[in-house]
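Undergrad: 3D model of this:
(2 chains, ligands or ions: 2)
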Amino acid sequence: MSVLVYVEQAEGKFKKSVFEAVSYAKAIADQQSTNLIAISIGDVADSELKELGKYGASKVLNVSTDQLKTFVNQAYASVIAAAAEKDGADIIVLSNSFSGKGLAPRIAVKLKAGLADGAVELPSTDGKFSVKKTAFSGKAFAITELTSANKVIALNPNAFGVKENATDAAIEVFTADVKQSDLGTVIKEIVRATDKVSLPDAELVVSAGRGLKGPENWGMIEELAGLLGAATACSKPVSDADWRPHSEHVGQTGIAISPNLYIAIGISGAIQHLAGVSSSKVIVVINKDPEAPFFKVADYGIVGDAFEVVPKLIEALKAHKA
Amino acid sequence: MKILVCISNVPDTTTKITFTNDNTEFNTSGVQYIVNPYDEIALSRAIELTEGGKGTVTVINVGEASNDPTIRKALAIGADDAVRVNAAPRDAYFVAKQIAEYAKDKDFNIILTGRESIDYNGNQIAAMVGEFLDIPSVSIIKKLDLDGDTATIEREIEGGKEVLTVSGKFIASCAEGVAEPKIPNMRGIMSARTKPLVVIDAVAIEEVTKVTKYETPAPRGTVKLIPADQTEQLISLLHSEAKVI
Ligand SMILES: Cc1cc2nc3c(=O)[nH]c(=O)nc-3n(C[C@H](O)[C@H](O)[C@H](O)COP(=O)(O)OP(=O)(O)OC[C@H]3O[C@@H](n4cnc5c(N)ncnc54)[C@H](O)[C@@H]3O)c2cc1C
Ligand SMILES: Nc1ncnc2c1ncn2[C@@H]1O[C@H](COP(=O)(O)O)[C@@H](O)[C@H]1O
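TA: Ligands and ions are numbered 1, 2, ... in the order given. Model prediction:
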């Protein structure tokens, strides 16, 4: 018995959400009185792999087979399942990222495992193994018991936090046979905006809605986000009108996020919007309408015109940073 | 070309989610059901790809007879025929197994699902069906184009996108961007009544998950309002009280 965590790399580096998944997996390993093994696939330097020890991984399996340099979920799932079987891991943890969402269900089927995706807390283990996960697009949580012998858990970003737990990680090369039929998808191009904070795992998010009137007014939103080191987001009508890209659309039919801080500017707070953002830890609402429904779920609010309030907020933030 | 689209029957997006029976069951009273919005996107793309005699679109739903109006809606949008696996959808593993069992000997070139169902929402079905059938799966796609036997797909990744190709059979889960959702017209609605809707039995499968309780998010305290001309006060509260900046 052990816990296996898949550590997703991007250009040879691990993101904070990966260290968070490792911290979470370590806490589960402690609950189960067992050890934590991490598995990395692709080109990652030993020095970066060693970092995983900081968060409690005592062993790191390094898979750097040529065919697996870029993400192919079918093949990655095979390798991770093979590692789980070889090391006797019965709990597999991943980050609920875009790739994790493609991978976790395949691993679950391979291992005949129950899958709790979008986990937000440590499992409770009083006789039953139950995980609290988001359901109904963020409108509720489902306490889901995993009744199978093997278990797969995909952790929501920002749900657990990064916790240090210094261990010396032993790095081991792991090789697994890759079937040709597992390599059906071929990546042609990866486009990544490196100068921006990625929204799904951002800790701070500045979001704006139709109250901003038009795409030309997003300069101040970008400036505020830049000063905070925050990602930018928007409401659905804004991306529908092509003022902002679809990848920024949050809510029931967009992405669900749970940052530490969500600042909503000129967004009314429709039920479909709230579904995707209401699990943010702190919500700030700036809206000129004191009756806007968003104020009902906000921690802090400013009733005022965004075109006056946001520039002042930027000034205040600059002063605070100085 | 044969395309299979998986359709899920979900509460209308304006539904206030509540639970009954000591918070163990979703409260369905007064709830309106719709075709999952993402599934409409998947279905619309399937119709575009097969238009003009280039192929057929079958929709499949795992659910009870009460789902039939939703399935008819999918037929009205333009699917050619429908299959319902007659069983309450227990969890994603169960649903995916049913879809895979149906599809395994039917020779579909492409299977499409929505990115996630807005009720239970796991984004699990596509990759699970892919694994049961041992075919490639691509999750959360934003674009799908076909050139003969090869599909070019864009999928979302953190802070960007990935462009990939796949040849032969595959399954993909569709998000916004793949197609504009089609709205049924009068002719579609009329013909939907007579299009085939076949009901088949479910296969048995072991249970791997069980929802034991639902919770709704804890209500927040009342909002602290800050005067519009005192933005520095907001910054200081976020810094020293909320400790988020
Ligand atoms: C099936 C379905 C799914 C949906 N899914 C989503 C989803 O995932 N995400 C989503 O966001 N929406 C979704 N919606 C849409 C949702 O119902 C709302 O229409 C939408 O969220 C409203 O966006 P908004 O708040 O930006 O615009 P509006 O509702 O137009 O609100 C604009 C707000 O800005 C304020 N305002 C105006 N001018 C100013 C100013 N100068 N300064 C400050 N404030 C100002 C107004 O008081 C108002 O509150 C969905 C709808 C449907 C039917
Ligand atoms: N009961 C069901 N019957 C058929 N397809 C389903 C069912 N539930 C979910 N799906 C499909 O799987 C997708 C993802 O669902 P989920 O994994 O529940 O988020 C949905 O968008 C549908 O396309």
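Undergrad: alpha carbons only for contacts and neighbour counts from here, please
TA: Will do.
Undergrad: excluding covalently adjacent residues, which one is nearest to the residue of chain B found nearest ligand 1?
TA: Residue nearest to ligand 1 within chain B (CA to the nearest ligand atom): residue B:13, separated by 5.3 Å. Using CA to CA, 6 or more residues apart in numbering or on different chains and skipping the chain neighbours, the partner closest in space to residue B:13 is residue A:272 (6.3 Å).
Undergrad: likewise for residue A:316?
TA: Using CA to CA, 6+ apart, the nearest residue to residue A:316 is residue B:232, at 4.9 Å.
Undergrad: distance check, residue A:220 against residue B:213.
TA: Distance, residue A:220 to residue B:213, by CA to CA, to the nearest Å: 43 Å.
Undergrad: ok, now residue B:148?
TA: 48 Å.
Undergrad: between those two, who's got more neighbours?
TA: Neighbours per residue (other CA atoms under 10 Å in any protein chain shown) separate residue B:148 from residue B:213, with residue B:213 holding more: 18 against 8.
Undergrad: near chain B at all, stretch A:153-168?
TA: No: residues of stretch A:153-168 contacting chain B under CA under 8 Å from any CA of the partner chain: none, with a closest distance of 10.1 Å.
Undergrad: endpoints of that stretch, how far apart?
TA: One end of stretch A:153-168 sits 25 Å from the other (CA to CA).
Undergrad: ok, and what's touching it?
TA: Applying CA atoms under 8 Å, 6 or more residues apart in numbering or on different chains, the contact partners of stretch A:153-168 are A:16-17, A:19-21, A:23-24, A:50, A:53-58, A:91-97, A:100-101, A:104, A:115-121, A:200-201, A:203, A:258-260.
Undergrad: mind redoing it with 7 Å?
TA: Here stretch A:153-168 makes contact (CA atoms under 7 Å, 6 or more residues apart in numbering or on different chains) with A:17, A:19-21, A:23-24, A:53-58, A:92-96, A:104, A:115-121, A:201, A:203, A:258-259.
Undergrad: ok, stretch A:59-70 next?
TA: A:36-43, A:169-175.
Undergrad: which of these are buried?
TA: Listed as buried from the contacts of stretch A:59-70 are A:36, A:37, A:38, A:39, A:40, A:41, A:42, A:43, A:169, A:171, A:174; burial here means 16 or more other CA atoms under 10 Å in any protein chain shown.
Undergrad: just the ones of the residues you listed in strands?
TA: A:36, A:37, A:38, A:39, A:40, A:41, A:171 (DSSP state E).
Undergrad: what is the first one paired to in the beta sheet?
TA: For residue A:36, the beta-bridge partners under DSSP bridges are residue A:3.
Undergrad: same for the longest strand seen in chain B, what does it pack against?
TA: Across chain B, the longest stretch assigned as strand under DSSP E is strand B:137-147. If contacts are counted by 3 or more CA pairs under 7 Å, 6 or more residues apart in numbering or on different chains; DSSP states H and E, strand B:137-147 sits against helix B:125-133, strand B:150-157, strand B:170-174.
Undergrad: residue of the stretch 1-150 of chain A closest to ligand 1, please.
TA: residue A:137 (9.2 Å).
Undergrad: so that residue touches residue B:117, yeah?
TA: No: the pair residue A:137 / residue B:117 is not scored as a contact, 8.4 Å apart, by CA atoms under 7 Å.
Undergrad: for burial, what's the neighbour tally of residue A:31?
TA: Count around residue A:31 with other CA under 10 Å applied: 13.
Undergrad: what sits closest to residue B:189 if chain neighbours are left out?
TA: In space, and not counting its chain neighbours, residue B:189 is closest to residue B:76: 4.6 Å by CA to CA, 6+ apart.
Undergrad: ok, the one you found - contacts?
TA: With CA under 7 Å, 6+ apart, residue B:76 has these contacts: B:184, B:188, B:189, B:191, B:192.
Undergrad: among the residues you listed, who's most crowded?
TA: Busiest of these [other CA under 10 Å] is residue B:192, holding 23 neighbours.
Undergrad: I'd say that residue and residue B:75 touch.
TA: Yes: Residue B:192 is in contact with residue B:75 according to CA under 7 Å; the separation is 5.1 Å.
Undergrad: chain B contacts on the stretch 151-300 of chain A?
TA: Residues of the stretch 151-300 of chain A lying near chain B by CA under 7 Å from any CA of the partner chain: A:184-193, A:198-200, A:252, A:260-261, A:271-272, A:295-300.
Undergrad: which ones among those residues are found in strands?
TA: Counted as lying in strands by DSSP E, out of those, are A:185, A:186, A:187, A:188, A:189, A:190, A:191, A:192, A:261, A:300.
Undergrad: and for the last one, the neighbour number?
TA: If I follow you right, that is residue A:300. 21.
Undergrad: which neighbouring elements make contact with the longest helix anywhere in chain B?
TA: Looking across chain B with DSSP state H, the single longest helix is helix B:37-50. With contacts defined as 3+ CA pairs under 7 Å, 6+ apart, helix B:37-50 has these neighbours: strand B:2-6, strand B:56-63, strand B:110-114, strand B:170-174.
Undergrad: the longest one to helix B:37-50, inter-axis angle?
TA: So the one you mean is strand B:56-63. Angle, strand B:56-63 to helix B:37-50, by axes from the mean of the first three to the mean of the last three CA atoms, to 10 degrees: 160 degrees.
Undergrad: check the offset of strand B:56-63 from the chain's centre.
TA: Centroid separation for strand B:56-63 versus its chain: 12 Å, with CA atoms, centre = their mean, to the nearest Å.
Undergrad: thinking again about what came up before, among the helices and strands packed on helix B:37-50, which comes closest to residue B:134?
TA: Residue B:134 lies closest, by CA to CA, to one member of the helices and strands packed on helix B:37-50: strand B:170-174, at 9.3 Å.
Undergrad: quick one: closest of the helices and strands packed on strand B:137-147 to residue A:214.
TA: Evaluated over the helices and strands packed on strand B:137-147, closeness to residue A:214 peaks at strand B:150-157, with 25.2 Å, by CA to CA.
Undergrad: for the helix or strand following that closest one, buried residues please.
TA: Once strand B:150-157 ends, the next helix or strand along the chain (criterion: DSSP states H and E) is strand B:160-167. Buried positions in strand B:160-167, judged by neighbour count with 16+ other CA under 10 Å: B:161, B:162, B:163, B:164, B:165, B:166, B:167.
Undergrad: the last one bridge partners, please.
TA: I take that to be residue B:167. residue B:150.
Undergrad: tell me the contacts of it?
TA: With CA under 7 Å, 6+ apart, residue B:167 has these contacts: A:184, B:149, B:150, B:151.
Undergrad: neighbours of residue 146, how many?
TA: Here I'm looking at chain A. Using other CA under 10 Å, residue A:146 is surrounded by 24 other residues.
Undergrad: meant chain B, my bad for not saying
TA: Count around residue B:146 with other CA under 10 Å applied: 13.
Undergrad: what's the answer for residue B:182, then?
TA: Using other CA under 10 Å, residue B:182 has 17 other residues around it.
Undergrad: helix, strand, or coil at it?
TA: The assignment at residue B:182 comes out as coil when based on DSSP: H, G, I helix; E, B strand; the rest coil.
Undergrad: for it, give me the backbone phi and psi.
TA: Per-residue torsions, residue B:182: phi -80, psi 150 (degrees, to the nearest 10).
Undergrad: how about it: what's its closest non-neighbour residue?
TA: In space, residue B:182 is closest to residue B:44, 5.7 Å off (CA to CA, 6+ apart).
Undergrad: residues of the stretch 1-150 of chain A that sit close to chain B?
TA: Within reach of chain B by CA under 7 Å from any CA, the stretch 1-150 of chain A has these residues: A:74, A:98, A:101-102, A:105-106, A:109, A:113-114, A:117, A:135-137, A:139-148.
Undergrad: of the contacts of residue B:167, the lowest pLDDT goes to which?
TA: pLDDT across the contacts of residue B:167 is at its lowest for residue B:149, which sits at 92.
Undergrad: what's near enough to touch that one?
TA: B:167, B:168.
Undergrad: remind me which residues of chain B are low pLDDT?
TA: B:121 (pLDDT under 70).
Undergrad: residues in chain B within reach of ligand 2, list them.
TA: Applying CA under 6 Å from any ligand atom, one finds that chain B approaches ligand 2 through B:6-8, B:38-39, B:60-63, B:89, B:92, B:95, B:113-117, B:120-125.
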